[in-house]
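In: here's a sequence, model it:
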Amino acid sequence: MSHLIAKTETALKGLILFLVAAGVLLAAATAEAAVPGISAAAPATGTNSITFNLTAAATFITQPDGEQIYSWGYGCAGKATFAPPGVFDLVGFCPTAQVPGPTLIVTEGQTVTITLTNNLPAAAGNTSMVFPGFNVCAATLNTTTGACTGTATGVAGLLTQEAAPSGGTVTYTFVATTPGTRAYYSGTQTDLQVEMGLYGAIVVKPNTTPSGCSAIGSDPQLLGHTDYRHASSAFDHSATCYDREYLFQFMELDSRIHRQAETQVAAIAACNPTTSALPCPATLEVSTEPYHPQYYLINGRSMPDDMDADYAPNYPNQPYNGNPHMHPGDLVLVRTIGQGRWQHPFHEHGNHVRILARDGNLILSQTDSAKLAGRMEFTTDTYPGQSYDGIFYWSGKGLGWDIYGHTLPKVVANISTATESGNTVTVTTIGALPPQIVPGAKVTVKGVSPDGYNGTFTVATTGGAGSTTFTYTDPTSGLAPYTIAPVAFLVPFGPGTGIVSVLTSATDPTPCIADANGYYTQASGAPLTATNYYEWCADHNHPLESNPAGQVGSGGPATQFDDLIATNGLWYNGTPYLGPDAVNRSRGPTPLPPGVALQNPPEESGIAFMWHSHNEREITTNDVFPGGMLMMMLVDPPVFFIDETL
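Out: Numbers count the residues shown, from 1 in each chain. Below you'll find the model as predicted:
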């Protein structure tokens, strides 16, 4: 598969983000996400028509502050068929009301019929569904001519035919003419009913596999793991191939409106016209202005609830999560819908997002239809009712350091003193010299002050077996003596500690052979089980630290602090690198707290990028930070299987 060329954010930005995010929120690493939804039974022989039976009903949803919020939602009127096929069959559920409504998975060209039953409280009045981007018929649709004839179902409404209260029904039919991600929502009293939770998404899959895209079940980028995609491409275009996909529906919620509706529904139901001193009201009179949301939702949940699993039983009416995962090099299809009434500026840390389409309309060059024309966006904007499809990509290219923490095998000794006479430097180590330090050996000196002592040199002499001294010739003369600081002496590998290292083997135990694009992939001989699959080979064997804790020292651009002191979260693995090899090599001298070492297994050691709204109030839950529209993109090492059902 050909991959997009994307501009990576600077190494500094990625590093700062990792240090902030990874130590705090890797607790969510056990929950992943895909695009869970429902599909219809297979079309009858000789037809291309499918049917969904949905309801609209009242329910309650929960928020991280413990609030139970009265809501309305679309749901299933019977047993659901879950999609992708065979993935969520054991854990999936589709209640009679959920927020957001069931994600409908259909295929391009299918005739889709949706029957809606209104089971909302009678006081709520009529309800309906509208499907922007489709030619919808509430009567009999001629799929050849597009004509809508015959007697309309339901009752007439302002925007569409509606389902009357107390079990009234309405049926909508349309042809899913083009692929993409689109919204559906209530077309009745939208300021109230959409706010209450009557919204959802439709995903239309292409009906072909474009040239260059991997068919379902045969994507080598998935490394032999389960394929959770709905399709091989987002659109009928070879530039829209992808490896993973996620759907995010952004919504704000004003609990004051919900409390009004709940109170009025209860009052209308309890009012007895024979005993009440005043006439009993029959309909709701809910004020939806002024509008002051307290909750900001991704797929019906606020952070941290959005990072629990899809179909988690503790959210019986909020089945969908927001917790994307990927391996380096994956093309991640991001399907996003702005539900509600506010614009939501959303920032995906780690890279820009290449916009493929808006509202299901693929954006192509006006002069060359083979080329995409969507922008690379630093912050992706979603407007009320608008959707976009985009590609997110991250490989570690451009960081300037090896994301797997590779280094050639070496032994390291701490330097106690260094002195110079003329151009001859004499170095004393703490303890005996490693046996590999002999006359003629190449050694690397780091962390000594002044800097003229540092570099790679050839050993001239040693004091013999068991000795603690060796000499080398330094082109710089006049260097002041170096003595290890007392604190550094007590805390080996701490600041101010000079080290000397020598290779124990010239053979690279974890090679990186570049393919035509510079990555270690199947095309350059990498096995799918390689711990560094899709590594950017130009940074191979250049770890982050120049003088780290542990054994991962090799000339990088920065010296790390003792991570296990500075960041000691329960799920933090103590390293900024990917994968179990790096974790095991770069542990610092500070012991982990009891029980912590395996709470984030080394195989799952990943890099976390915060994805969040760029509107600061939208990353709070009822004015408490962090919360709201915030989640984590977790870049997992290739050896970790991303199980989207967890």
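In: give me the beta-bridge partners of Thr117?
Out: Thr55, Thr169 (DSSP bridges).
In: my bad, Leu247
Out: Arg335.
In: next: Pro345.
Out: Asp381.
In: measure it to Tyr296 for me?
Out: 12 Å (C-beta to C-beta, to the nearest Å). Where C-beta positions appear, they are placed from N, C-alpha and C, glycine not excepted.
In: where does the prediction get shaky in the protein?
Out: Within the chain, the segments meeting pLDDT under 70 span 1-33, 485-497, 545-575, 583-601.
In: could you redo the last one with a cut-off of 80?
Out: 1-33, 41-47, 407, 409, 447, 484-497, 506, 543-576, 580-604, 646 (pLDDT under 80).
In: okay, now the domains of it?
Out: Per automatic domain parsing, the structural domains of the chain span 19-32+302-397+605-635, 37-245, 410-570.
In: now the common contact residues for Pro345 and Tyr296.
Out: Ser613 (C-beta atoms under 8 Å, 6 or more residues apart in numbering).
In: enumerate every residue touching the residue nearest to Ala201 when sequence neighbours are not counted.
Out: With sequence-adjacent residues excluded and distances taken as C-beta to C-beta, 6 or more residues apart in numbering, Ala201 is closest to Thr103, at 4.8 Å. Shown in contact with Thr103 (C-beta under 8 Å, 6+ apart): Val35, Pro36, Gly37, Ile38, Gly200, Ala201, Ile202, Val203, Leu247, Tyr320.
In: thought Val106 was touching the fourth one, still the case?
Out: By that I understand Ile38. No - between Ile38 and Val106 no contact is recorded; they are 10.2 Å apart, counting by C-beta atoms under 8 Å.
In: the more surrounded of those two?
Out: Val106 (23 against 20; other C-beta atoms under 10 Å).
In: which helix or strand contains the more buried one?
Out: strand 104-107 (DSSP states H and E).
In: with Glu262 instead?
Out: helix 255-270.
In: so after that helix, what's the next helix or strand?
Out: Following helix 255-270 in sequence order, the next helix or strand is strand 295-298 (DSSP H and E).
In: contacts for that following strand, please.
Out: 63, 67, 69, 248-253, 255, 302, 306, 322, 344, 613, 617-622, 627-629, 631.
In: number of nearby residues for Gly440?
Out: 7.
In: so it sits right up against Phe457, yeah?
Out: No - using C-beta under 8 Å, Gly440 is not in contact with Phe457, being 11.2 Å away.
In: name the residues of stretch 107-123 that are buried.
Out: Using 16 or more other C-beta atoms under 10 Å as the test for burial, stretch 107-123 gives 107-121, 123.
In: quick one: contacts for the nearest residue to Glu67 once chain neighbours are set aside?
Out: Nearest residue to Glu67 in three dimensions, chain neighbours excluded: Ser255, at 6.8 Å (C-beta to C-beta, 6+ apart). For Ser255, the contact set (C-beta under 8 Å, 6+ apart) comprises Glu67, Ile69, Gln294, Tyr295.
In: please indicate which of the residues you listed are buried?
Out: Glu67, Ile69, Gln294, Tyr295.
In: want to try TSV for these, with distance to Ile607 as columns?
Out: Listed next are those as TSV, based on distance: C-beta to C-beta, whole Å:
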residue	distance to Ile607
Glu67	33
Ile69	34
Gln294	32
Tyr295	29
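In: ok, the closest residue in space to Leu104 that isn't next to it in sequence to Ala523 distance?
Out: Leaving aside its chain neighbours, Leu104 sits nearest to Ile202 (4.7 Å; criterion: C-beta to C-beta, 6+ apart). Per C-beta to C-beta, Ile202 is found 37 Å from Ala523.
In: these two: who's more crowded?
Out: Neighbour tally, Ile202 and Ala523, criterion other C-beta under 10 Å: the higher count belongs to Ile202, 27 against 13.
In: chain center to the strand holding Val106, what's the gap?
Out: Centroid displacement of strand 104-107 relative to its chain, using C-alpha atoms, centre = their mean, to the nearest Å, is 23 Å.
In: contacting residues around that strand?
Out: Contacts of strand 104-107 (C-beta under 8 Å, 6+ apart): 35, 37-40, 50, 52, 83-84, 112, 114, 176, 184, 200-207, 230.
In: over to stretch 210-222?
Out: If you take C-beta under 8 Å, 6+ apart as the criterion, stretch 210-222 is touched by 1-2, 209, 227, 229, 231-233, 236-238, 240-241, 243, 327, 329-331, 521-522, 528, 534.
In: ok, back up a step: could you check how far the residue nearest to Ala201 is from Leu247?
Out: 6 Å.
In: quick one, what contacts Ile642?
Out: Residues counted as contacts of Ile642 (C-beta under 8 Å, 6+ apart) are Glu32, His225, Arg244, His325, Met326, His327, Asp636.
In: dump the residues you listed into JSON lines; add neighbour count and distance to Arg354 as well.
Out: Converted to JSON lines, these look like this (neighbours: other C-beta atoms under 10 Å; distance: C-beta to C-beta, whole Å):
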{"residue": "Glu32", "neighbour count": "25", "distance to Arg354": "22"}
{"residue": "His225", "neighbour count": "16", "distance to Arg354": "24"}
{"residue": "Arg244", "neighbour count": "26", "distance to Arg354": "15"}
{"residue": "His325", "neighbour count": "26", "distance to Arg354": "19"}
{"residue": "Met326", "neighbour count": "24", "distance to Arg354": "15"}
{"residue": "His327", "neighbour count": "26", "distance to Arg354": "18"}
{"residue": "Asp636", "neighbour count": "22", "distance to Arg354": "22"}
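In: mind checking which of those residues land in strands?
Out: Assigned to strands by DSSP state E, the following of the contacts of Ile642 qualify: Arg244, His325, Met326.
In: pretty sure Asp359 contacts Gly180?
Out: Yes - with contacts counted by C-beta under 8 Å, Asp359 reaches Gly180, the gap being 7.5 Å.
In: between the two, what contacts are shared?
Out: Counting by C-beta under 8 Å, 6+ apart, the shared contacts of Asp359 and Gly180 are Gly133, Ser387.
In: the two: which has the busier surroundings?
Out: For Asp359 versus Gly180, neighbours defined as other C-beta under 10 Å are more numerous around Gly180 (26 against 16).
In: residue contacts, the spatially closest residue to the more buried one that is not a sequence neighbour?
Out: Nearest-residue entry for Gly180: Gly360, 3.0 Å, with adjacent residues in sequence omitted and distances by C-beta to C-beta, 6+ apart. Contacts here follow C-beta under 8 Å, 6+ apart; on that basis Gly360 touches Gly133, Thr178, Pro179, Gly180, Thr181, Arg182, Val204, Ser387, Asp389.
In: with distance to Asn142 and secondary structure added, can I get those residues in TSV?
Out: TSV is the format used below for these (distance: C-beta to C-beta, whole Å; DSSP: H, G, I helix; E, B strand; the rest coil):
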residue	distance to Asn142	secondary structure
Gly133	20	coil
Thr178	19	coil
Pro179	23	coil
Gly180	24	strand
Thr181	27	strand
Arg182	22	strand
Val204	21	strand
Ser387	28	strand
Asp389	30	strand
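In: most surrounded residue in those?
Out: Going by other C-beta under 10 Å, Asp389 tops the contacts of Gly360 with 31 neighbours.
In: tell me if Glu162 really is in a strand.
Out: Yes - if the criterion is DSSP: H, G, I helix; E, B strand; the rest coil, then Glu162 is within a strand.
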